[in-house]
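Asks: Would you be able to build a 3D model of this:
(one chain, ligands or ions: 1)
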Amino acid sequence: MSEETIFSKIIRQEIPTPLLYQDELVTAFRDVAPRVNSHILIVPNKHIATINDVTSDDEITLGRMITVAKKLAKEEGIDEKGYRLIINCNHDGGQEVYHIHMHLLGGQPLGAMLSI
Ligand code: 5GP
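Replies: Numbering: from 1, shown residues only. Prediction:
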């Protein structure tokens, strides 16, 4: 699970995708298949396959993901009504792309936390 995914190519813009945010640690872009009105992915520039693979060295990057989520939620105009941040891990968590990413979801009521 250490191989790069499509997200690394998006981060490097080898696959052109409009970026909503990029700095030295994280990149954000819209989900290609949005599940809700506002669906943004916030991704560390460094390839980390799953949350199981993070280390204490990644703490600044993981914190940056949160502060960027807050900034983008404000820019999207969803900060006051509210939104949800999700990081899926491995099969049971519903992870499809093995490069960790935070989903920023909002723009409509999101209902119950889980639907199983
Ligand atoms: P996961 O299920 O791994 O938490 O979420 C992966 C997300 O990445 C999915 O919501 C999927 O729609 C999105 N995604 C997969 N491939 C691409 C892509 O090439 N571009 C973008 N923008 N999103 C993608």
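
Asks: Only C-alpha atoms from now on, for both contacts and neighbour counts.
Replies: OK.

Asks: May I have the predicted confidence score for Ser2?
Replies: Among the per-residue scores, Ser2 holds a pLDDT of 66.

Asks: what do you get for Ile116?
Replies: At Ile116 the predicted local distance difference test score is 79.

Asks: Am I right that Glu75 is in a strand?
Replies: No: note on Glu75: no strand contains this position according to DSSP: H, G, I helix; E, B strand; the rest coil, which reports helix.

Asks: Any idea how many residues pack against it?
Replies: Other residues within reach of Glu75, judged by other C-alpha atoms under 10 Å, total 11.

Asks: likewise the one 3 residues further on?
Replies: Ile78: 17 surrounding residues under other C-alpha under 10 Å.

Asks: likewise Thr61?
Replies: Thr61 has 18 neighbours, counted by other C-alpha under 10 Å.

Asks: Next, Ser12: phi, psi?
Replies: Small correction: residue 12 is Arg, not Ser. With angles defined as degrees, to the nearest 10, Arg12 shows backbone torsions of phi -80, psi 0.

Asks: And it, how close does it get to the ligand?
Replies: Between Arg12 and the ligand the distance, using C-alpha to the nearest ligand atom, to the nearest Å, works out to 13 Å.

Asks: Which pLDDT value goes with that residue?
Replies: Residue-level confidence at Arg12 comes out at 97, pLDDT.
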